[in-house]
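K.L.:
Requesting a structural model of the entry that follows:
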Amino acid sequence: MEFLVTMTTLVPAGTGERAVADMRAREAAHSRELTAQGHLRRLWRPPLQPGEWRSIGLFAAAGPGELEKVLSSMPLRVWRSDQVTPLSEHPNDPGLPQAGLRRDQEEFLTTFIAAVPAGTADKLITQARAAEKAHSAELGREGFLVRLWRLPEPGHSLGLWRAPDPVELQDLLAALPLAPYMTVDTTPLTQHPSDPLVGES
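P.N.:
Residues are numbered from 1 along each chain as shown. Here you go, the predicted model:
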């Protein structure tokens, strides 16, 4: 199974800079171990407020129990709270292998929420879904849509995208066949120094 984990760290008041640096170093080393074990697949930083310490990770585990063991083994867990979202397979997932990010690319997470207007003919939805599947495969081949998962909430899905900038991403999203029948929330991502793909670009 795959899981998206939002990790928020709060350093205890009075903690010295040396202790923080040591903790960061131990966390980075352990992240490399988790990557080698196949548990940590990606790690990003979302937009942050001044002084905020938060990251988003894509993890793999046999189930919630094993994931908790993985997360609790991380040194920063003593200062951290984790929000776990289980991910399930999406029929339109291009399933691209994780490759290094090019210099001309940015990454984004998108949350899609079905918003079909009342009275919409079933035939129109069926046609749009078929077109969406074909278009998703095309976007995958072109390297824009990297992964697509189903979220636990009905009608919700999560996408991992790569595009030169936010404007081009919005153009790609607006051109999706299902765009008229869903709302989209976009989170821009920056690479985390412990991301398994750092150094592979």
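K.L.:
CA atoms only for the host helix or strand of residue 3, dumped as PDB, please.
P.N.:
Using DSSP states H and E, residue 3 falls within strand 2-9. What follows is strand 2-9, C-alpha atoms only, in PDB (Å, rounded to 0.1, in the frame of the first residue of the first chain):
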ATOM      1  CA  GLU A   2       1.000   3.600  -0.500                       C
ATOM      2  CA  PHE A   3       0.300   6.400   1.900                       C
ATOM      3  CA  LEU A   4       0.700  10.200   1.800                       C
ATOM      4  CA  VAL A   5       2.000  11.500   5.100                       C
ATOM      5  CA  THR A   6       2.000  15.200   6.100                       C
ATOM      6  CA  MET A   7       4.600  15.600   8.800                       C
ATOM      7  CA  THR A   8       4.600  18.700  11.000                       C
ATOM      8  CA  THR A   9       7.500  19.200  13.400                       C
END
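K.L.:
Direction included, what does that strand pair up with?
P.N.:
Note on strand 2-9: by DSSP bridges, its sheet partners are strand 54-60 (antiparallel), strand 80-89 (antiparallel).
K.L.:
wait, doesn't residue 43 sit right on residue 30?
P.N.:
No: in this structure residue 43 lies outside contact range of residue 30 using Cβ atoms under 8 Å: 12.0 Å. To be clear about C-beta, it is placed using only N, CA and C from the backbone, and glycine gets the same treatment.
K.L.:
Compare the two (neighbour count), which wins?
P.N.:
residue 43 (24 against 18; other Cβ atoms under 10 Å).
K.L.:
I'd assumed the more buried one was in a strand, is it?
P.N.:
Yes: Residue 43 forms part of a strand when assessed by DSSP: H, G, I helix; E, B strand; the rest coil.
K.L.:
Return the set of buried residues in the strand holding residue 3.
P.N.:
By 16 or more other Cβ atoms under 10 Å, the buried positions in strand 2-9 come out as 2, 3, 4, 5, 7, 9.
K.L.:
Same list (those residues) but as a markdown table, adding distance to residue 158 and pLDDT.
P.N.:
Conversion of the buried residues of strand 2-9 to a markdown table gives the following (distance: Cβ to Cβ, whole Å; pLDDT from 0 to 100):
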| residue | distance to residue 158 | pLDDT |
| --- | --- | --- |
| 2 | 10 | 97 |
| 3 | 11 | 98 |
| 4 | 7 | 98 |
| 5 | 13 | 98 |
| 7 | 17 | 97 |
| 9 | 23 | 93 |
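K.L.:
any idea which of these is closest to residue 155?
P.N.:
Residue 155 lies nearest to residue 4 out of those, by Cβ to Cβ, at 17.4 Å.
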